[in-house]
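# got a structure for you, letters missing:
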DNA sequence: TGATGGACCGAAAACCTTTTCGGTAGTTTT
DNA sequence: AAAACTACCGAAAAGGTTTTCGGTCCATCA
């Protein structure tokens, strides 16, 4: 009779095959391989030899079925295509991958139906926990299905404050940007942001404004909201130097905006960083290191955020469940666009 | 006695709970839920009601254990951080996600030890197949461990020609670029490439040279190899217009190089596309749509490649195993940087 | 009326591993 | 010498599902 594994080679070896070859019982074989005590060292050796010979690989399904936990977690992204999911994913995968946990990747593509479908599949596979990665830092609705394993929301917090969420500290990021520029001796600082509908944009503004006030400075002009694009950066910069030619620093909503700002400044004969300092957010390397001059940017530490989410999930699986939103600090990466000397 | 699931709520419902509540046997409940015949419609309904009431979700581990196949596949990336893994991942996830297959994500981080570790874990979890995603199109060594499930290599082919690999058609991509430029009336075409150690760079050159010859054109200067960066693009472009001021089109190794070329051309007073056409590879949106003018680029269709790999794996699981390297065509995305009118 | 068949249901085996518990043999203690 | 340990090993149960096979009941046919 053909095996369900199809025609590929012989059936994969099972523990009882190993036991038979080693001349012991299954239970002894199991104990030997798992390092349990009360098995004679010679016996243990025989079992190991048999296992190696048969290329035995224990069936995690059977083990999981028995143990009641599968040693897997689900990583559910709202939108994988975005710029921010991947580093978070990497961080989480890293934190788990070191141990014995495997990661199911699911992309909901921004579709609620698809999300529910994936959650159902994950529940059915008896994942031990779930990380939900949002596509922006705006709060997102909590999972539609009740799941009886712990859930950690990363990047985008859950709307339910009782859930556990881990997000980057955008307020602190805005503050960090201003403090750096002030430390560089800039006093006439403008802010060209991105899409005003993003809480990330507004939060950074809050932090920036706080820091400006504390430094005793007035902002140059209003915060200019627009879109997260280079062309918006170019347009907004043109308006800025028209209305406020005295500006000596520009905080930009993200690195794309900053690239646009850099272009326009150069075309208007302003040199960076001598005349004007420019600073971006996100630290998207292809943009920050390709530009002239290279761009100082605030890095949201996303990989670390992914790792933190994984650790939080670990703790939650062990029944130490934090609640509420935790923010993680960002990190300033200083390049040429903000420092005058050297 | 507390359950292994910890203190979280009641134990998850099992099929026998459902059966008990519906007043039938487990086997009948199973048949009812799985749409097998020979179960009375009223009985079936009672079972469904009971299942809904208990939020029953079948245990895939038990099912997989019995069936001999788990309904999972492994997605093993050499390096997730790269620009190219993610779209392939998305395509594969998409192709599987629609069905009943869940995807394990593993990132080897370019480390052979870690790769083996992941492969072992996947084998232990009894995945039904494996997709190995490389980080460049250069051939990679085959998996160190023998696995008795089908393996499909994506993006980077396996060094073993007996393995099944799916890669983008870089030769065709180079050809496509030239043919487009020729169709646009360009006759003095230069080629500023990237790192010469990448087979992708060399393959595109092969295709480009073929197409030039077929069009009866001589290339303008030698192919300039360097690195995949904007700054190389800027430097190479400066040299190019110095030595070959007559150039009217530049094929660039990737979009970053193209961005650099665009910058230098503008600074030297050449307008794009009127004086010079510029064309990139990869179609990295943040670069191609942010630039002035927007950049024509050859898209490697990576998401489609991921889907193709998933489909190939499906077929292989069903014992229809293709062998050897299959190339997938690229796709030209025409934007402003190559077309003179409109 | 007896036989045949079909519709429906349930018992039990199978998948593979881990753990518990009981048993055997040999060794030490009193 | 009897009793109590210790070290080691194996039988069996448990985990949840699917499938096979045998059984019951009722309707149909001759």
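Arrived safely, thanks for sending. Treat the numbers as computed from the prediction; the structure is a model and nothing was measured. Numbers count the residues shown, from 1 in each chain, chains lettered A, B, ... in the order given.

# tell me which residues in the helix or strand where residue A:43 lies are buried?
Using DSSP states H and E, residue A:43 falls within helix A:41-53. By neighbour count with 16 or more other C-beta atoms under 10 Å in any protein chain shown, helix A:41-53 contains the buried residues A:43-44, A:46-48, A:50-51. For every residue, glycine as well, the C-beta is placed using N, CA and C.

# Out of these, which is nearest to chain B?
residue A:51 (12.7 Å; C-beta to the nearest C-beta).

# Tell me who's in contact with the closest one.
A:13, A:18, A:29, A:33 (C-beta atoms under 8 Å, 6 or more residues apart in numbering or on different chains).

# Might one say that the first one is in contact with residue A:54?
Put plainly, it is residue A:13. Yes. Counting by C-beta atoms under 8 Å, residue A:13 does reach residue A:54; the two are 3.7 Å apart.

# Out of the buried residues of helix A:41-53, which is nearest to DNA strand C?
Among the buried residues of helix A:41-53, residue A:51 lies closest to DNA strand C (C-beta to the nearest atom of the strand), at 9.6 Å.

# for the residue lying closest to residue A:300 once chain neighbours are set aside, which residues make a bridge with it?
Residue nearest to residue A:300 in three dimensions, not counting chain neighbours: residue A:168, with 4.3 Å by C-beta to C-beta, 6 or more residues apart in numbering or on different chains. In this structure, residue A:168 bridges to residue A:328 when assessed by DSSP bridges.

# now do residue A:152
Beta-bridge partners recorded for residue A:152 (DSSP bridges): residue A:131, residue A:164.

# residues near it, how many?
Counted with other C-beta atoms under 10 Å in any protein chain shown, the neighbours of residue A:152 add up to 28.

# same question, the one 4 residues further on
Around residue A:156 there are 21 other residues, counting by other C-beta under 10 Å.

# same thing with residue A:242?
Neighbours of residue A:242 under the rule other C-beta under 10 Å: 9.

# Tell me who's in contact with it.
By C-beta under 8 Å, 6+ apart, residue A:242 lies in contact with nothing.

# can you pull the buried residues of stretch A:111-127?
By neighbour count on 16+ other C-beta under 10 Å, the buried set for stretch A:111-127 is A:115, A:118-119, A:121-127.

# what two of these are the furthest from one another?
A:115 and A:126 (18.8 Å; C-beta to C-beta).

# can you map out the helices along the stretch 101-250 of chain A?
A:112-124, A:170-183, A:199-214, A:230-243 (DSSP state H, counting those that start in this stretch).

# of the ones you listed, which approaches residue B:202 most closely?
Closest among the helices of the stretch 101-250 of chain A, using C-beta to C-beta: helix A:230-243, at 31.7 Å.

# what about that closest one, average pLDDT?
The pLDDT scores in helix A:230-243 average 98.

# cool, stretch A:158-177 as well?
97.

# List the buried residues in that stretch.
For stretch A:158-177, by 16+ other C-beta under 10 Å, it's A:158, A:163-177.

# for those, which one is nearest DNA strand C?
Using C-beta to the nearest atom of the strand, residue A:164 is the member of the buried residues of stretch A:158-177 that lies nearest DNA strand C, at 29.1 Å.

# Can you name the helix or strand that residue A:65 falls in?
helix A:60-67.

# just residue A:90 next, same as before
Assigned by DSSP H and E, residue A:90 falls in helix A:85-97.

# quick one: that helix to chain centroid distance?
Relative to the mean C-alpha coordinate of its chain, helix A:85-97 is positioned 7 Å out (C-alpha atoms, centre = their mean, to the nearest Å).

# Kind regards, and thank you for your time.
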